[in-house]
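Trainee: Predicted model and sequence below, questions to follow.
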Amino acid sequence: MSMDPLDNWVVQVRKGVLELAILNAIGARRRYGYDLVKELVDSPLLGVTEGTVYPLLSRLRTQGLIATELEESAEGPARKYYVLTRNGRKTLERMNAHFDQLVTDIAQRRAAPSSERKK
C-alpha cells in the first residue's frame, strides 16, 4: 500500500519548519526546556514528539545558535533554559525573511480556484 503523496509532503514540510519554529519560540523569550517541548508537542500541525525536540536543541546549541542557562529550582534539580545567541538572532532573522519570501512567492503562483478561471 503506497503512502498518500500529501502525507509524505506534510512530513517533509514539518521537518523543514521545525527548526524555524524552535528558534522563533526561543527568540520570543528565554524558554525552559520542558515548557518548550510541551508547547511544540501541543501544536498538532508540527506533529513532533519529545524525542524529536531535544536532539534538535542539542544540534542548535552545537551550531552556536542557542545557549543554555542553568537556574536553581526550589522544586528539584536546576532547570535548563534556552536562549538565542547573537548569531542565533541574526540567523533567525535571515530564516524568517527567507521563509516569508518563500510563502509570498508560492502564494503569487498559486492557481486561481476553478470557479475564477471560468470567468
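Mentor: Good, I have the coordinates.
Trainee: how about the helices of this protein, start to end?
Mentor: With helices called from DSSP state H, the chain shows them at 5-28, 33-41, 50-62, 86-109, 114-117.
Trainee: Relative to residue 68, which of these is closest?
Mentor: helix 50-62 (6.4 Å; CB to CB). C-betas here are computed from N, CA, C, even on glycine.
Trainee: the inter-axis angle of that closest one versus helix 5-28?
Mentor: 50 degrees (axes from the mean of the first three to the mean of the last three CA atoms, to 10 degrees).
Trainee: burial count for residue 73?
Mentor: 10 (other CB atoms under 10 Å).
Trainee: Need the pLDDT of the closest residue to it other than its chain neighbours.
Mentor: Leaving aside its sequence neighbours, residue 73 sits nearest to residue 79 (CB to CB, 6 or more residues apart in numbering; 4.9 Å). On pLDDT, residue 79 comes in at 89.
Trainee: ditto for residue 87
Mentor: Residue 87 is given a pLDDT of 97.
Trainee: related to what we said a few turns ago, could you export the helices of the chain as CSV, including distance to residue 72 and mean neighbour count?
Mentor: Shown next, in CSV, are the helices of the chain (distance: least, CB to CB, whole Å; neighbours: other CB atoms under 10 Å):
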stretch, distance to residue 72, mean neighbour count
helix 5-28, 21, 14
helix 33-41, 15, 16
helix 50-62, 21, 14
helix 86-109, 25, 12
helix 114-117, 61, 8
